[in-house]
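**Q** coordinates for the following, if possible.
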Amino acid sequence: MMIMAEKITMLRKRSGWSQEELAEKLGVSRQAVSKWESGASLPDLDRMVKMSQLFCVSTDYLLKDEIEEVTLPEGELAPESGGDYVVTLEEANAFLDLTRQLSARIAMAVALCILSPICLIQLAGVAEYKGSISEVFATCVGVSALLVLVGIGVAILLFNGMKLSPYQHIEKELLSLQYGVSGVVQRRKEADEPAYRMSLVVGVVLCILSVVPLLLTSALNLGDYISICCVNVLLTLVAAAVFLFVRFGSIHSSYQKILQEEDYTKERKQINKKLAWFPSVYWTLTTAIYLAYSFATERWDFTWIVWPVAGVLFVAVYCTLQAVIHGKNKVS
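**A** Residues are numbered from 1 along each chain as shown. Here you go, the predicted model:
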């Protein structure tokens with residue numbers, strides 16, 4: 001026999017809502033919902049009626065302990081789509097919540113890697129054009145700062161990546177969704193869509209603005225040292241843009257992974273499995289080329305061009321590889 005507290009808890013979780021979300025829908029505090037679910041207090045009649053409407057159950061079901069089961073449509077727990085792994089509502093919500101929690105940390109780690117050369121670039125500029133410090137000192141301190149920031153960034157990525165590792169199958173395997181999961185995930189996705197779109201707009205604007213100081217410096221012929229400072233401004237703005245892209249993009253992609261949309265359709269998953277090695281190899285080589293080129297030429301005010309070129313090439317090469325594999329799959 002289920003008491004009212006257990007029923008409210010079960011219905012809330014089945015709907016994919018947190019206590020805060022249910023409280024907002026009912027116009028009460030989270031503490032009130034918590035007390036209902038712990039059995040410390042009971043909701044008033046108005047709240048009971050509203051909950052019955054929200055959960056699509058009768059008020060009798062909520063009020064009477066002897067009514068133990070919700071009448072669900074036939075096949076309610078059957079998978080919505082065929083696949084190798086069945087995702088329950090509980091697992092879907094846990095994955096979405098964890099991704100949201102870790103997204104800011106992962107975004108910061110990526111931003112730190114982009115910001116890592118700033119100290120080296122600035123000190124090298126001071127040593128060459130101001131002469132207030134030696135080149136040896138500038139190189140030692142700058143490289144040390146670069147390695148520390150990259151190390152911190154990589155550590156954050158690895159640590160938080162391990163937290164997400166239990167859910168790797170959601171990204172890689174063909175999924176079946178337990179009945180009702182698709183609707184809950186779609187509703188959460190729609191709620192987050194405005195923030196995702198805004199992050200894309202602001203990120204693109206920051207990327208465009210990042211090159212403005214360099215263009216003005218070049219047009220006004222303000223000197224090499226100012227150009228170096230402008231490179232650091234560029235890296236800072238790009239890091240801010242990438243933070244937004246990764247922060248909100250990872251949340252958006254978590255919905256796509258469960259719903260198997262866009263980059264995570266069943267066909268794409270099969271292709272991506274074969275290309276899992278490519279991103280890490282590509283960006284490792286790009287970083288090595290950037291550092292080698294910069295140290296060899298000592299043109300830090302120019303070598304930043306490696307990154308936008310690498311970004312464009314990455315998309316082109318990756319899409320080409322996907323097309324090749326897709327063609328082979330069709331032939332076979």
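**Q** give the next helix or strand downstream of the worst-scoring helix or strand of the chain on mean pLDDT.
**A** Least confident helix or strand of the chain, by mean pLDDT, DSSP states H and E, is helix 266-274 with a mean of 71. The helix or strand immediately downstream of helix 266-274 is helix 278-297, counting by DSSP states H and E.
**Q** I'd like the next helix or strand past that next one.
**A** Downstream of helix 278-297 (by DSSP H and E), the next one is helix 306-331.
**Q** and the angle for that following helix with helix 278-297?
**A** Using axes from the mean of the first three to the mean of the last three Cα atoms, to 10 degrees, the inter-axis angle of helix 306-331 relative to helix 278-297 is 150 degrees.
**Q** buried stuff in helix 306-331?
**A** Within helix 306-331, the residues that qualify as buried by neighbour count (16 or more other Cβ atoms under 10 Å) are 306, 307, 310, 322, 325. All C-beta spots, glycine's among them, are computed from the backbone N, C-alpha and C.
**Q** now flag whichever of these is closest to residue 231.
**A** If you rank the buried residues of helix 306-331 by distance to residue 231 using Cβ to Cβ, residue 307 comes first, at 11.1 Å.
**Q** flag the shaky bits of the stretch 151-300 of the chain, pLDDT-wise.
**A** Residues of the stretch 151-300 of the chain that meet the criterion pLDDT under 70 lie in 179-180, 269-270, 272-273, 300.
**Q** and the strands in it?
**A** 175-177 (DSSP state E, counting those that start in this stretch).
**Q** the stretch 1-150 of the chain too?
**A** Along the stretch 1-150 of the chain, counting by DSSP E, counting those that start in this stretch, strands occupy 85-87.
**Q** for it, give me the ranges with low pLDDT.
**A** 1-2, 65-84.
**Q** and the helices in it?
**A** For the stretch 1-150 of the chain, helices defined by DSSP state H, counting those that start in this stretch occupy the ranges 4-15, 19-26, 30-38, 45-55, 59-63, 89-115, 118-125, 135-164.
**Q** could you dump the ones you listed into a markdown table and include mean neighbour count and distance to residue 218?
**A** Formatted as a markdown table, the helices of the stretch 1-150 of the chain follow (neighbours: other Cβ atoms under 10 Å; distance: least, Cβ to Cβ, whole Å):
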| stretch | mean neighbour count | distance to residue 218 |
| --- | --- | --- |
| helix 4-15 | 18 | 57 |
| helix 19-26 | 17 | 51 |
| helix 30-38 | 17 | 55 |
| helix 45-55 | 15 | 60 |
| helix 59-63 | 15 | 70 |
| helix 89-115 | 19 | 22 |
| helix 118-125 | 21 | 16 |
| helix 135-164 | 15 | 24 |
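**Q** look up the closest residue to residue 113, ignoring the ones flanking it.
**A** residue 153 (4.4 Å; Cβ to Cβ, 6 or more residues apart in numbering).
**Q** could I get the CA-only coordinates of stretch 239-247 as PDB?
**A** Provided in PDB are the C-alpha atoms of stretch 239-247 (Å, rounded to 0.1, in the frame of the first residue of the first chain):
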ATOM      1  CA  ALA A 239      38.100  31.800 -24.700                       C
ATOM      2  CA  ALA A 240      34.900  33.500 -23.500                       C
ATOM      3  CA  ALA A 241      33.100  32.500 -26.700                       C
ATOM      4  CA  VAL A 242      34.300  28.900 -26.500                       C
ATOM      5  CA  PHE A 243      33.200  28.800 -22.800                       C
ATOM      6  CA  LEU A 244      29.700  29.700 -24.000                       C
ATOM      7  CA  PHE A 245      29.800  27.200 -26.800                       C
ATOM      8  CA  VAL A 246      31.000  24.300 -24.600                       C
ATOM      9  CA  ARG A 247      28.800  25.200 -21.600                       C
END
